[in-house]
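K.L.:
Fold the following.
(3 chains)
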Amino acid sequence: MAKSALLKSSIAKKVAMALSGLFLILFLAQHFFINSTSVFSPDTFNSISHFMGNNPLVQFVIQPILIVGVIFHFVMGFVLDFKNRSARPINYIKNNGAANSSWASRNMIVSGAVVLAFILLHFYDFWVPEMVYKYVEVNPLNETRYFAELTHKFVSPVRTGIYCVSFLLLSLHLWHGFNSSFQSVGFNNKYSRSLHTLGYAFAIVVPFGFIFIALFHHFNH
Amino acid sequence: MALDSKIPNGPIADKWTNYKDHINLVNPANKRNIDIIVVGTGLAGSSAAATLAELGYNVKTFCFQDSPRRAHSIAAQGGINAAKNYQGDGDSTFRLFYDTVKGGDYRSREANVHRLAEVSVNIIDQCVMQGVPLAREYGGLLDNRSFGGTLVARTFYAKGQTGQQLLLGAYSAMNRQIGRGKIKSYTRHEMQDLVVVDGKARGIIARDLVTGEIERHSAHAVVIASGGYGNVFFLSTYAMGSNATAAWKIHKKGAFFANPCYTQIHPTCIPVSGDHQSKLTLMSESLRNDGRIWVPAKLEDAKSIREGKLKPTQIAEADRDYYLERRYPAFGNLVPRDIASRAAKERCDAGFGVNKTGEAVYLDFAAAIERYGKEQAYVKGLDANDAALITKLGAALVANKYGNLFQMYEKIVDENPYTTPMMIYPAVHYTMGGTWVDYNLQTTIPGCFSIGESNFSDHGANRLGASALMQGLADGYFVLPYTIGDYLAPDIKTGKISTDLPEFIEAEKNVKARIDQFINNNGTHSVDYFHKKLGKIMWNKVGMARNAKGLNEAIVEIAALREEFYKDVKVPGDANSFNQELDKAGRVADFLELGELFAKDALHRNESCGGHFREEYQSEDGEAQRDDENFAYVAAWEYMGKPSEAVLHKEPLVYDNVKLVTRSYK
Amino acid sequence: MKLTLKIWRQKNAKAKGEIVEYPLDGIEEDMSFLEMLDVLNEGLINKGDLPVSFDHDCREGICGSCSLYINGEAHGPDRGVPTCQLHMRMFKDGDTIYIEPFRAKAFPVIKDLVVDRSAFDRIQHAGGFVSINTSGKPTDANAIPIPKHDADRAFDAATCIGCGACVASCKNSSAMLFVSAKVSQYALLPQGKVEAADRVLNMVAQMDAEGFGNCTNTGACEVECPKGISLENIARMNREYLSASLKG
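P.N.:
As a prediction, the model looks like this:
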């Protein structure tokens, strides 16, 4: 089979969606780990952040891969959603989707779009200033600035509110996406039940953990 | 015209092999120049189409359904017989042959039945290779169960969906040939007439059921595989669309119709619940392996049950009449279908029926659940005296065997068959009669073949369970592909048949005229109105028990109903679009003719045999009385313009290998 | 029982359809859903109207002809049955029932509630078979023992009736459950393994060409499938497809 045919096939696309999703889940897990240190120890948070922000491997290899991964996941998500919608040109007049599937699974495009909007905001909030700080203004290294920057962002109740809502939607996105990605790559066997539990746990613990961190800093600083 | 069955000479066990060695063949290069039309894509049609295409012929298939896979073979539940003797219980080709001839009440053609038994083993090999998931034992080998009318376990099965799996297997073989371009599949198409040129079948006229277009299709041979005509009764276990149009059209063009009165009434169907009923649902005969059939022994109990005052589970063991076990101790609940059906009718007629209409008997699994439960408890080392546990274990095993059937029953009747006995009653299920064919499966029209249920050949007056699938696939995979070559061998030089021949034009004109007649009729009653009326006449007077008086009345009534139909039927819509009422009108018109011939055949056969029971011909204890001296023949009817004027031709049945005796299952 | 039916009427493939309302009385609980429609049609014919066209044949849940989208669900509110086995006892007196055709680009409407599902056939033509000759001399059926567990799972996949409820209920009109059931049946049996790679590649290519949407694992198909075909089959097909692509 020609490689082009493989890349065009529906299954290849969904596997690509799944793999990029799983990659983002890994990223989310490490991001959560780092953020959670901010609750216990500002110093640890500062030193890890400093490492991540200045290690060449992270900055020039992992970070571009991550950005490509994010863009790929979103672009592909929108492309697939558009194609899938066009597979039913005339909609049902009465449709009872809730009878056979979860809201989260049917509205990945909605939760995904909210998360995308949030990521753009997040880039504007953290990543863009960071890039400007490091590479445009070329400021001197400061290993202890990160914690203060973090807490500063959570002062505004509006921003904190947006942050919380976004993570609620992320939770829904993960609720379906985590397990869905395993199904897509063909993992469905006797371990799936345990994996599903893990997936649901992840979908709750991580987003709500982020929300807790946000609220913690909002109310403590 | 004398009937020539073309049975080869020689000992019965060698006939088919010798015959195959000597018939004419068409060389592979020439097969490319020969076209064959197959009408119907059930087991017989799709297996024949696949095999013919594989051999190199150009095949066109036609089915009225939206996909070949939906043909009604799909609904066969219980299984398929084959003389594999995997169980080592004494089965053999001869025993399958013998059981089938005996089960058919000595009214089938020996040579055909023996051939069927011979090729039965190939079918299983073939299907397994195709990826048909037949049931297996824990050792990985194929499992068997036993069916009515036999003393061995030779039935292969795939839960309660054997027909589905076998049909999907044949459909997959067809798909392979469609993918290769060797079969052109016409779906949502219905054959409207046969085109005969110079005495040979050379094509068909078909209607595209979506566009309404009338099409001409030519071929060097036409194979009819359109199934049986049980829907003449309106209520039956047939699919709503099952019809006799193709078979009846070839009859009107010269193919003899054999033994129309041989109809199988299946004993285990879900009883009729009301006037709205559109069809009946079969519960597989395999249920009789484990279910016990009974009615209350006391009339007053039966009455209380009908009135809803008493539940079946409240009737004490001593007050139950397991009438099959009582009357037929050797075969018990596994007597052949005709006998089981009549016994149920006899009890209900005597007032022991158990549903509101008094037309139902019980099929009870309590004993089986207990027996299996105890077995399981023993195997698992659990307490065999714990009743609740036994019931649970037993029910689980029964569910594993018949789960889908029980679920279907519960959906339809809204009662749980694990805890309360099923109610069943006989229903029309299969027609043994059909187009007369010779040993080559060719009808009396040269070049027109008939296979599967649409022909008459293998089951005599009664078909044994799990033999229909066997016959359909035997005809399609292993018999017709050889025998058709014998006919086609001289045809290799003929070249393409033109569809512009005057015979095609004439046939098309007639088809269009008939359709226009329906559309422009402007009557007052729907097609179903007439179909239901026909069904009532057939069931009441030409049903499970018949007598001369009733049959004479039926003949008159059907003819009158037919006249009324043509005057008063109302077909809405137009001819040039998708029109299901128009489709039905054509089919019912043909049933209205076939029904009359059916009654005429039943009236002429002054004996009781198999599915044909004449009340005048029964022993004192109500058993059928055959008349071998006067009726050991196939009744083949020739069309002469009207069913009432059909002319009878007799093909004598000669039994060299089986001794004719009174069938006994006692 | 008294009902209000809201039924999609469409004269032909090209016409614009619309929902038409029909009041209906005298329906009994024991009737099947299709028998209820028979009653409606009988009334329409007697009144001189055109009856509602709908696909149906065996009426015992196995042929896969019936295909209605009832009150927002393929084959209606009951589970594990197609429309012909749906009974009126699932509804209440006074209910309003919406009846629409199965909707998908790959299933164009022919008339009223009748749709063209020939796309399913074409997917099967592309590879839904084992390439052995029916006229050949096969080996004995018991020559290759098959573990009961595998045979049973192959059977479970093979019970698909090809009705298209999976496509109709999927928000993406994906045919993955249907295709994966066939792919799985053969992939689980030694007879089918021989050409498993070509089969899955060809069938998926045809599936995509027919215009079905992509699977997003909502699981709606499994819930609505009248034969309970499992999502496990889709995972298996994904695996088979990946390994076939990487090999090829």
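K.L.:
Show the model's pLDDT score for residue A:7.
P.N.:
Here, the pLDDT recorded for residue A:7 equals 69.
K.L.:
report the longest helix in chain A, please.
P.N.:
Ranked by number of residues, the top helix in chain A under DSSP state H is helix A:10-40.
K.L.:
and that helix, what does it pack onto?
P.N.:
With contacts taken as 3 or more CB pairs under 8 Å, 6 or more residues apart in numbering or on different chains; DSSP states H and E, helix A:10-40 sits against helix A:42-54, helix A:63-86, helix A:145-153, helix A:157-184, helix A:192-220, helix C:196-209, helix C:232-247. Any C-beta I mention is one placed from the backbone N, CA and C, and that applies to glycine too.
K.L.:
For those, could you give me TSV that also reports distance to chain B, mean pLDDT and mean neighbour count?
P.N.:
Below are the helices and strands packed on helix A:10-40 laid out as TSV (distance: least, CB to the nearest CB, whole Å; pLDDT from 0 to 100; neighbours: other CB atoms under 10 Å in any protein chain shown):
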stretch	distance to chain B	mean pLDDT	mean neighbour count
helix A:42-54	55	93	16
helix A:63-86	24	95	15
helix A:145-153	59	90	17
helix A:157-184	24	96	20
helix A:192-220	22	96	16
helix C:196-209	9	96	22
helix C:232-247	14	94	20
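K.L.:
Tabulate those (TSV), appending distance to residue B:44.
P.N.:
Shown next, in TSV, are the helices and strands packed on helix A:10-40 (distance: least, CB to CB, whole Å):
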stretch	distance to residue B:44
helix A:42-54	72
helix A:63-86	42
helix A:145-153	76
helix A:157-184	41
helix A:192-220	43
helix C:196-209	27
helix C:232-247	30
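K.L.:
For residue B:286, which non-adjacent residue is closest in space?
P.N.:
Of all residues beyond its chain neighbours, the one nearest residue B:286 is residue B:78 (4.2 Å), with distances taken as CB to CB, 6 or more residues apart in numbering or on different chains.
K.L.:
The one you found against residue B:159, yeah?
P.N.:
No. The criterion here is CB atoms under 8 Å, and residue B:78 misses it with residue B:159 at 9.8 Å.
K.L.:
How much space separates the residue in the stretch 101-250 of chain B positioned nearest to chain A from residue B:40?
P.N.:
Per CB to the nearest CB, residue B:179 is where the stretch 101-250 of chain B lies closest to chain A, at 17.1 Å. Distance, residue B:179 to residue B:40, using CB to CB, to the nearest Å: 21 Å.
K.L.:
all strands for chain C, in order.
P.N.:
Using DSSP state E, the strands of chain C run over C:3-9, C:18-24, C:68-70, C:73-74, C:96-101, C:109-111, C:114-115.
K.L.:
what sits against the nearest residue to residue C:182 once chain neighbours are set aside?
P.N.:
Closest residue to residue C:182 apart from its sequence neighbours, by CB to CB, 6+ apart: residue C:128 at 4.9 Å. Counting by CB atoms under 8 Å, 6 or more residues apart in numbering or on different chains, residue C:128 touches B:172, B:175, C:182, C:199, C:203.
K.L.:
Quick check on residue B:179 and residue B:40: which one has the bigger neighbour count.
P.N.:
residue B:40 (33 against 19; other CB atoms under 10 Å in any protein chain shown).
K.L.:
for the more buried one, what are its contacts?
P.N.:
B:62-63, B:71, B:224-227, B:246, B:452, B:454.
K.L.:
How much space separates it from residue C:37?
P.N.:
From residue B:40 to residue C:37 the distance is 26 Å (CB to CB).
K.L.:
And the longest helix of chain A, what's buried?
P.N.:
By 16 or more other CB atoms under 10 Å in any protein chain shown, the buried positions in helix A:10-40 come out as A:10-25, A:28, A:32, A:34-38.
K.L.:
relative orientation of that helix and helix A:192-220 in degrees?
P.N.:
Angle of helix A:10-40 versus helix A:192-220, following axes from the mean of the first three to the mean of the last three CA atoms, to 10 degrees, is 40 degrees.
K.L.:
And helix A:10-40, how far out from the chain middle?
P.N.:
Remark: helix A:10-40 is offset 6 Å from the chain centroid, using CA atoms, centre = their mean, to the nearest Å.
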